[in-house]
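Trainee: Compute the structure for the input listed below.
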Amino acid sequence: LCGLDGAPIPLEDLTKAIQALDNVVSDGAKVTAAAVHEGSTTVRLETTDSASHSAMLMLSCADGSTRSLFVKKVTNASVACKPWVDRQRTLKYIRTEARFYAEFAATLASRGVSLVRAPLVLDKTEALGGHEVHEPAGNEPPDSALKDCGVMLFLEPVVGYECTSPLAASRAAVALAAVAKLHAAAWEDRELLSAAAARLQRHGGAFALSVRNPQELSDIKTNWEKFKATFTPLSPDLFARPSVQALGDRLERWSAWVSAQLSPGPDDRFATIVHGDFKAMNVFLPLEAGEQDEAVLFDFANTGIGFGAADVAMHLQHAITPADLEDGGEERLIDSYLAAFAAARGQNAAVEYPREVALKHYQLGVLDYARFVVGRLWAASTPDTMAANANTPNVGLFNRSVEAALGFVARIDRYLEQLEQSSS
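Mentor: Here you go, the predicted model:
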């Protein structure tokens, strides 16, 4: 097991990690050997902007016990095939997660947020300098500076939980309750949010416009024309609407304004820390949910400042079936989130985050996410690619199911129309 510099990770460091999880210092917990679990292979996870190696480590201890840690490793070498503009973004994302665990996780956990613990974080991202993820990429550093650049996170194993997608409405409510606690814990805390603005993602979200490749914005209209031509035969009435015909133009026209409305500063009303990539595969759900069982959040690479309902918007589009969003299901899930937020904040929660404000943030969040989906994720979508992705839970449901995609189109159209009417 090698670290970022290629040398073996000292067993002393792994011992400290185990002792940190146990909150006990003892000779019996001293790690004497470490190996990748025999039944676990190192997996390369590739999403739109990240590539990591992960594995379960089995640790032998001096007292004869065996412990385990999950390790996640992202390095410059693991994304070497990408151009610098994309590679530096990936490295800054994992740096954000390292900073989250080193500087924010303990405070949030003390305020009731349920999250996966990281007892050991190895961060060698000095080559990135002081440039933040929302800033221009700049010139690529020399190979010598990037040789060891990367992060390793050692995370506690989560037993008795699952990650899956899609989610039934009842399971989504459990996930939303967990993220509501995150939002409540940092709600309008200017000191904490100022630190988050400087050290995490200034505008939280994997799809925040400030951290995306500008080409995605330019591709909205072209991608929409291709998508429209491909899917019109499957829903002629939907695509016959003039508003849907013009959806690409409309979405592009409003994208910058929508993004600006969802980019609060540390001193703004309703501002909080958002997860930023709140899909179903970034939250552990208890296998047997009782009244006291909570979901557990993880993957904080895009965590930063935002409005809480934007997390809700991504979650519902990514992982909830059309049937569970129809006939008032969408608003019921939003209300479920607000109820959990109120329980975490107390009796003044309805004043702190009024329902009409949360609904506005939610609708803008749907449109902000739609800009990313159309401009990036629907570039080559077809019924065949969706069928191929049908059993890939890390992929958004709108790219796994034609029905879900068409439902998403209808919501985009509806929320754009509401926005246009309110501005006229």
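Trainee: where are the low-confidence patches of the stretch 251-400 of the chain?
Mentor: 289-292 (pLDDT under 70).
Trainee: For it, just list every one of the helices.
Mentor: In the stretch 251-400 of the chain, the helices defined using DSSP state H, counting those that start in this stretch lie at 308-319, 322-325, 329-345, 349-352, 355-372, 383-389.
Trainee: and those, which is most packed in?
Mentor: With neighbours taken as mean count of other CB atoms under 10 Å, these reach their highest mean count in helix 308-319, at a mean of 26. Where you see a C-beta, it was placed from the backbone N, CA and C, and this is true even at glycine.
Trainee: For residue 196, which of the helices of the stretch 251-400 of the chain is the nearest?
Mentor: Smallest distance to residue 196 across the helices of the stretch 251-400 of the chain (CB to CB): 13.8 Å, for helix 308-319.
Trainee: What does the pLDDT read for residue 137?
Mentor: pLDDT for residue 137: 86.
Trainee: now do the one 4 residues further on
Mentor: At residue 141, the predicted lDDT confidence score is 94.
Trainee: could I get the helices of the stretch 251-400 of the chain as TSV with distance to residue 127?
Mentor: Listed next are the helices of the stretch 251-400 of the chain as TSV, based on distance: least, CB to CB, whole Å:
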stretch	distance to residue 127
helix 308-319	31
helix 322-325	44
helix 329-345	39
helix 349-352	41
helix 355-372	28
helix 383-389	35
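Trainee: how many degrees apart are the one helix or strand residue 406 maps to and helix 329-345 in direction?
Mentor: Residue 406 belongs to helix 402-423 when assigned by DSSP states H and E. Comparing the axes of helix 402-423 and helix 329-345 via axes from the mean of the first three to the mean of the last three CA atoms, to 10 degrees yields an angle of 70 degrees.
Trainee: Can you mark which positions in helix 402-423 are buried?
Mentor: Buried positions in helix 402-423, judged by neighbour count with 16 or more other CB atoms under 10 Å: 402-413, 415-416, 419.
Trainee: So for it, mean pLDDT?
Mentor: Regarding helix 402-423, the rounded mean pLDDT is 97.
Trainee: quick one: which of the helices of the stretch 251-400 of the chain is nearest residue 134?
Mentor: Closest approach to residue 134 among the helices of the stretch 251-400 of the chain (CB to CB): helix 355-372, 14.9 Å.
Trainee: next one: the closest one to chain centre, how far?
Mentor: Centroid separation for helix 355-372 versus its chain: 16 Å, with CA atoms, centre = their mean, to the nearest Å.
Trainee: One more: stretch 95-110?
Mentor: Relative to the centre of its chain, stretch 95-110 is centred 15 Å away, using CA atoms, centre = their mean.
Trainee: Show residues contacting that stretch.
Mentor: With contacts defined as CB atoms under 8 Å, 6 or more residues apart in numbering, stretch 95-110 is touched by 115, 117-118, 121, 123, 125, 128, 133, 151, 153, 182, 185-186, 192, 195-196, 199-201, 273, 299-304.
Trainee: Restricting to C-alpha, output whichever strand or helix holds residue 54 in PDB.
Mentor: Using DSSP H and E, residue 54 sits in strand 51-61. The C-alpha coordinates for strand 51-61 follow below in PDB (Å, rounded to 0.1, in the frame of the first residue of the first chain):
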ATOM      1  CA  ALA A  51     -11.300   9.600 -11.400                       C
ATOM      2  CA  SER A  52     -10.300   7.800  -8.200                       C
ATOM      3  CA  HIS A  53      -8.900   4.500  -7.100                       C
ATOM      4  CA  SER A  54     -10.600   3.000  -4.100                       C
ATOM      5  CA  ALA A  55     -10.200  -0.200  -2.000                       C
ATOM      6  CA  MET A  56     -11.000  -1.700   1.300                       C
ATOM      7  CA  LEU A  57      -8.000  -2.200   3.500                       C
ATOM      8  CA  MET A  58      -7.700  -4.900   6.100                       C
ATOM      9  CA  LEU A  59      -5.600  -4.000   9.100                       C
ATOM     10  CA  SER A  60      -4.100  -6.600  11.400                       C
ATOM     11  CA  CYS A  61      -3.700  -5.300  15.000                       C
END
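Trainee: I'd like to know which elements it is packed against.
Mentor: With contacts taken as 3 or more CB pairs under 8 Å, 6 or more residues apart in numbering; DSSP states H and E, strand 51-61 sits against helix 11-22, strand 31-36, strand 43-46, strand 66-75.
Trainee: where among these is the average confidence lowest?
Mentor: Note on the helices and strands packed on strand 51-61: strand 43-46 shows the lowest mean pLDDT, a mean of 38.
Trainee: Grab the most central residue of the protein for me.
Mentor: Nearest to the mean C-alpha position of the chain, counting by CA atoms, centre = their mean, stands residue 277 at 1.4 Å.
Trainee: Test my guess that that residue contacts residue 206.
Mentor: Yes. The pair residue 277 / residue 206 is scored as a contact, 4.3 Å apart, by CB atoms under 8 Å.
Trainee: Can you list phi and psi of residue 287 for me?
Mentor: Main-chain dihedrals, residue 287, degrees, to the nearest 10: phi -60, psi -40.
Trainee: ah, wrong one, I meant residue 115
Mentor: With angles defined as degrees, to the nearest 10, residue 115 sits at phi -140, psi 160.
Trainee: For the residue nearest to it when sequence neighbours are not counted, list each beta-bridge partner.
Mentor: In this structure, residue 115 finds its nearest non-sequential neighbour in residue 297, 4.7 Å apart by CB to CB, 6 or more residues apart in numbering. Here residue 297 sits in beta bridges with residue 115, residue 283, as judged by DSSP bridges.
Trainee: out of the buried residues of helix 402-423, which one sits closest to residue 380?
Mentor: Nearest to residue 380 among those, with distances taken as CB to CB, is residue 405, at 13.3 Å.
Trainee: Quick check, the closest one in contact with residue 228.
Mentor: No. With contacts counted by CB under 8 Å, residue 405 stays clear of residue 228, the gap being 11.7 Å.
Trainee: which residues sit against the strand holding residue 54?
Mentor: Strand 51-61 has contacts (CB under 8 Å, 6+ apart) with 1, 14, 18, 28-38, 40-45, 66-74, 78-79, 90, 94, 154, 157.
Trainee: Quickly find the element holding residue 153.
Mentor: Going by DSSP H and E, residue 153 is part of strand 150-155.
Trainee: Skip ahead from that strand and say which helix or strand is next.
Mentor: Tracing the chain past strand 150-155, the next element assigned as helix or strand by DSSP H and E is strand 161-162.
Trainee: Would you give the sheet partners of that following strand, along with the direction of each?
Mentor: By DSSP bridges, strand 161-162 pairs with strand 283-286 (antiparallel).
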